[in-house]
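Novice: show me how the following folds:
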Amino acid sequence: MELDINKKFVKAKRPCADGFRWFIKHYSQGGDYQELLDALVADGRFGDACWLLDQFGPTHAVRVVDQLDAEAMVFAGTLKVLGDVSVDQLLRVGGQLHVEAGARIGHHAPQGTQAGLFVGDQVRIGGGLHVRGEIRVAGDLRVGWGVLAEGPVTCTGDLLAGWELECTDRLEVHGNLKPGQSLVVQDDLVCGRSIQAQGSIDVDGQMEVRNGLIADGDIRCGLHLEAGWGVRAQGNIEVQGSLRAGEGVCAGGRIQTGEGYGIYAGLSVHGESWETAAQVSALERPERLRSGYWVGEDLSHDN
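Specialist: Residues are numbered from 1 along each chain as shown. Now for the predicted structure:
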């Protein structure tokens, strides 16, 4: 079902003067919602197209293309791409985004302009994802290969990558975070559920994980690390600030915190479960262990 946008509808949303003049000049009699979005993008008015989508929301329309090679696209419905995606500046989708191959977005955006990937529902990408700009996904983000995000990332669902996940800015995931290889974040990392990396985890800023944190390699954190459940690494755990865990902390190597900062394990454990649920294990007893039940070397990592 098509949605027609007329002057009365647009004026009621209080648009900017310049944008409203453009609408009167080109669509004084109104027009189809998606047709209007396409016209705004074609005229280089990407911000106005995004504003219009913010005001009138997503649709149930579905657009299927063999591949996408454009300066920008703003689509109100679900977009399915059977091949690759190459977008110079901005890709905004009101519904779901499905890409059979890989996606490169924002690599030719002028400095100071909005660039990146913005999707109102789940995202499925069969290949790799490389975005120079912001990523905002209101649902799950699932990528078959690796993810390189040169900007902040916000995902309200789960974020799953088949290979390495690297973010040069803040990474916020409301669901589970599961990279198939290593996880690298050059700012803060916030996760609303659990993190499980099939490699090392390297975070320059602070780490906040509501549930558990597991890495098949090392865990390194440049500031404080806090997990609601347990923390486990097959390698070393190195935190420059304090390490706080609701349950146990286990490392196949060593556990180390910054000078003057302690390790606090078992913060959410009942006293009767202390010896089983608040265990701390590593190659050697951590120097600044303040809380937790020390059990010595963790033998569960041995083959």
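Novice: please make it C-alpha for all contacts and neighbour counts, starting now.
Specialist: Will do.
Novice: what are the phi and psi angles of Arg223?
Specialist: For residue 223 the amino acid is Leu, not Arg. phi -130, psi -130 (degrees, to the nearest 10).
Novice: what residues are up against it?
Specialist: Neighbouring residues of Leu223 by CA atoms under 8 Å, 6 or more residues apart in numbering: Asp204, Gly205, Gln206, Met207, Val239, Gln240, Gly241, Ser242.
Novice: mind checking the SS state of the second one?
Specialist: Classification of Gly205 using DSSP: H, G, I helix; E, B strand; the rest coil returns coil.
Novice: show me what contacts it?
Specialist: Val185, Gln186, Asp187, Asp188, Leu189, Cys221, Gly222, Leu223, His224.
Novice: what does the model give the second one for pLDDT?
Specialist: Per-residue confidence for Gln186 comes out at a pLDDT of 99.
Novice: about what we covered before: would you convert the contacts of Leu223 into a markdown table that also reports pLDDT?
Specialist: Converted to a markdown table, those look like this (pLDDT from 0 to 100):
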| residue | pLDDT |
| --- | --- |
| Asp204 | 99 |
| Gly205 | 99 |
| Gln206 | 99 |
| Met207 | 99 |
| Val239 | 99 |
| Gln240 | 98 |
| Gly241 | 98 |
| Ser242 | 98 |
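Novice: if we can go back for a sec, which of the contacts of Gly205 sits closest to Leu159?
Specialist: Using CA to CA, Leu189 comes nearest to Leu159 of the contacts of Gly205, at 12.8 Å.
Novice: quick check, the closest one in contact with Asp202.
Specialist: No. Between Leu189 and Asp202 no contact is recorded; they are 10.0 Å apart, counting by CA atoms under 8 Å.
Novice: tell me which of the two has more neighbours.
Specialist: Under the criterion of other CA atoms under 10 Å, the comparison of Leu189 against Asp202 puts Leu189 first, with 23 against 18.
Novice: now stretch 228-237: mean pLDDT?
Specialist: Computed over stretch 228-237, the average pLDDT equals 98.
Novice: from start to finish, how long is that stretch in a straight line?
Specialist: 17 Å (CA to CA, to the nearest Å).
Novice: kindly report the same for stretch 186-201.
Specialist: 11 Å.
Novice: apart from its chain neighbours, what residue comes closest to Gly258?
Specialist: Among residues not flanking Gly258 along the chain, Gln240 sits closest, at 4.1 Å (CA to CA, 6 or more residues apart in numbering).
Novice: the stretch 1-150 of the chain: strands as residue ranges?
Specialist: Using DSSP state E, counting those that start in this stretch, the strands of the stretch 1-150 of the chain run over residues 4-5, 31-32, 62-65, 68-75, 78-81, 85-93, 97-99, 103-105, 116-119, 123-125, 129-131, 134-137, 141-143, 147-149.
Novice: list the contacts for Val64?
Specialist: Leu79, Lys80, Val81, Leu82.
Novice: could you do Val190 as well?
Specialist: Contact analysis of Val190 by CA under 8 Å, 6+ apart lists Leu171, Glu172, Val173, His174, Met207, Glu208, Val209.
Novice: in ChimeraX, select just the buried ones from those residues.
Specialist: Selection of buried members from the contacts of Val190 for ChimeraX, criterion 16 or more other CA atoms under 10 Å:
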select :171,172,173,174,207,208,209
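Novice: tell me the spacing between Ala115 and Phe75.
Specialist: The value you get for Ala115 to Phe75, if CA to CA is used, is 15 Å.
Novice: for Asp54, that is, sorry about that
Specialist: In terms of CA to CA, Asp54 sits 12 Å off from Phe75.
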